[in-house]
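Novice: How does the following fold in three dimensions:
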Amino acid sequence: MNRTRTNDRPFRTRTANPGSARSGFRSGAPRRPESHGRRTGGPQGEFALPRTVTPALPAVEAFADLDLPEQLLAALAHEGVTVPFPIQGATLPNSLAGRDVLGRGRTGSGKTLAFGLALLARTAGLRAEPRQPLALVLVPTRELAQQVTDALTPYARSLRLRLATVVGGMSIGRQAGALRSGAEVVVATPGRLKDLIDRGDCRLDQVAVTVLDEADQMTDMGFMPQVTELLDQVRPGGQRMLFSATLDRNVDLLVRRYLTDPVVHSVDPSAGAVTTMEHHVLHVHGADKQRTTTEIAAREGRVIMFLDTKHAVDRLTEHLLNSGVRAAALHGGKSQPQRTRTLSRFKSGHVTVLVATNVAARGIHVDNLDLVVNVDPPTDHKDYLHRGGRTARAGESGSVVTLVLPNQRREMSRLMLAAGVDARTTQVRSGEAELSRITGAQAPSGVPVVITAPVSERPRRSASPASRGRRGHGSRGRSVRDAAA
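Specialist: Residues are numbered from 1 along each chain as shown. So this is what the prediction gives:
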């Protein structure tokens, strides 16, 4: 990955008292960023990045070189996190000093700790009043909110900071209770946070550090009005950090309106993955596509398969279960508890194939996931990059395979060009050695599977024999098709 160009001149802060990891938040009224910029060199349609006026601090090679609280350094060592990823080493010296940050890099590049450690360090030692959080992370999806929460929890705990997750699909009463009890850090999706503010359960005027994670996805999903309304409510002069895999004109509006003289760290989404990710376009015929898909799904190891619609996801999941493949479905038609259980079972290996719509293209991190399959090719190059970003994360290797019918070939070539991806194109048929070589495909067992809940998810039995009988009868035959698909 390419790091932000740094300068050996001394760092000049833009406020008289910018603050540090231990001295609290910076002060001063916000200023508009410079209107001039530079080209990103990324996919088509992306805007000119703002030019940093204040020189950036040099990147660091170790977390110990940063002005982090001792508790955070100890927590990092305990979690086995020893060497910062490039985006962390480049941005943290500046974000810890109170600078605004614009980070561009593909998913899996280490963005969560890049903003999370700075946010936690700059909030350390402070205590939030009821309903008045001090730091905010806005994300586009529930899954990403949970991932960010899981990633930051051990570090927040080390600093005795309270962290609340605010997302739709879950009890709004519980979330309101967490805010009333006081939470220094809130991780939220825009819609649910706005609902809680409208109810009087949350105020943002004390928020001094604000993060927008996956900003391009938020704008693509139509959250721009809600995002700007929320950003207008945070404390004036506060620190803003924006991270995104791609930067288009919608994100440009956010950068120019809310970031002041940001430190820019840019890594091309596709170029950053060249050494660790393989891209394959497999030409298939319509009559053979389902069998090809089934054989890929029956491979050893886990795989995520993307389709366009909820109905297509449900149909393929049912077919795979009947073919002997341990599959589960994930899409927006599932309740949040179902989605959470499905992801948990996939991460644990209880199911090996996750069949999903684009709802899963963001916010899923699974260790050692080495294959993503676009059963239905995406219609946008950004969707391709985000789907593919589920594999080859944090330096691991992986492959992205796209199944393409004859009438889709021309459009797929255009999409790959826009994404900046050089893919290998191969004509394949089910049962062939070449398909197995590329994907690990093999014939499924053909024995239908019914996946019951793991022991860890099964309810505790009541002491009453009658209750045990009723509960046993009610849960008999419960499968992934009902509970998690």
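
Novice: just for the stretch 351-485 of the chain, where's the confidence low?
Specialist: Where the stretch 351-485 of the chain drops to pLDDT under 70, the residues are 360-364, 392-397, 455-485.

Novice: which stretches of it form strands?
Specialist: All strands of the stretch 351-485 of the chain, identified by DSSP state E, counting those that start in this stretch, fall at 353-356, 371-374, 398-404, 424-427.

Novice: who's in contact with the third one?
Specialist: Right, strand 398-404. With contacts defined as C-beta atoms under 8 Å, 6 or more residues apart in numbering, strand 398-404 is touched by 276-284, 289, 292-293, 296, 369-377, 384, 387-388, 391-392, 412, 423, 438-439. (C-beta placed from N, C-alpha, C; glycine too.)

Novice: Next: the first one.
Specialist: Taking contacts as C-beta under 8 Å, 6+ apart, the residues outside strand 353-356 that touch it are 297, 302-307, 313, 316-317, 320, 325-331, 342-343, 346, 360.

Novice: Filter the contacts of strand 398-404 down to the buried ones.
Specialist: 277-284, 289, 292-293, 296, 369-377, 384, 387-388, 391-392, 412, 423, 438-439 (16 or more other C-beta atoms under 10 Å).

Novice: Switch the strands of the stretch 351-485 of the chain over to TSV; also include distance to Pro55.
Specialist: Shown next, in TSV, are the strands of the stretch 351-485 of the chain (distance: least, C-beta to C-beta, whole Å):
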stretch	distance to Pro55
strand 353-356	43
strand 371-374	39
strand 398-404	37
strand 424-427	42
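
Novice: Looking at those strands, which is nearest to Arg180?
Specialist: strand 353-356 (35.1 Å; C-beta to C-beta).

Novice: sorry, back to before: which of the strands of the stretch 351-485 of the chain is buried the deepest?
Specialist: Of those, the one with the most neighbours on average (mean count of other C-beta atoms under 10 Å) is strand 353-356, at a mean of 28.

Novice: CA atoms only: put the longest helix along the chain into PDB for me.
Specialist: Longest helix in the chain by number of residues (criterion: DSSP state H): helix 142-158. Taking Å, rounded to 0.1, in the frame of the first residue of the first chain, the C-alpha atoms of helix 142-158 are listed here in PDB:
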ATOM      1  CA  ARG A 142     -26.300  -3.000  11.200                       C
ATOM      2  CA  GLU A 143     -23.600  -5.700  10.400                       C
ATOM      3  CA  LEU A 144     -20.900  -3.100  10.200                       C
ATOM      4  CA  ALA A 145     -22.100  -1.400  13.400                       C
ATOM      5  CA  GLN A 146     -21.700  -4.700  15.200                       C
ATOM      6  CA  GLN A 147     -18.300  -5.400  13.600                       C
ATOM      7  CA  VAL A 148     -17.000  -1.900  14.700                       C
ATOM      8  CA  THR A 149     -18.500  -2.500  18.200                       C
ATOM      9  CA  ASP A 150     -16.800  -5.900  18.500                       C
ATOM     10  CA  ALA A 151     -13.500  -4.500  17.300                       C
ATOM     11  CA  LEU A 152     -13.500  -1.600  19.700                       C
ATOM     12  CA  THR A 153     -14.900  -3.200  22.800                       C
ATOM     13  CA  PRO A 154     -11.700  -4.600  24.300                       C
ATOM     14  CA  TYR A 155      -9.900  -1.300  23.900                       C
ATOM     15  CA  ALA A 156     -12.900   0.800  25.200                       C
ATOM     16  CA  ARG A 157     -13.000  -1.600  28.200                       C
ATOM     17  CA  SER A 158      -9.400  -1.000  29.000                       C
END
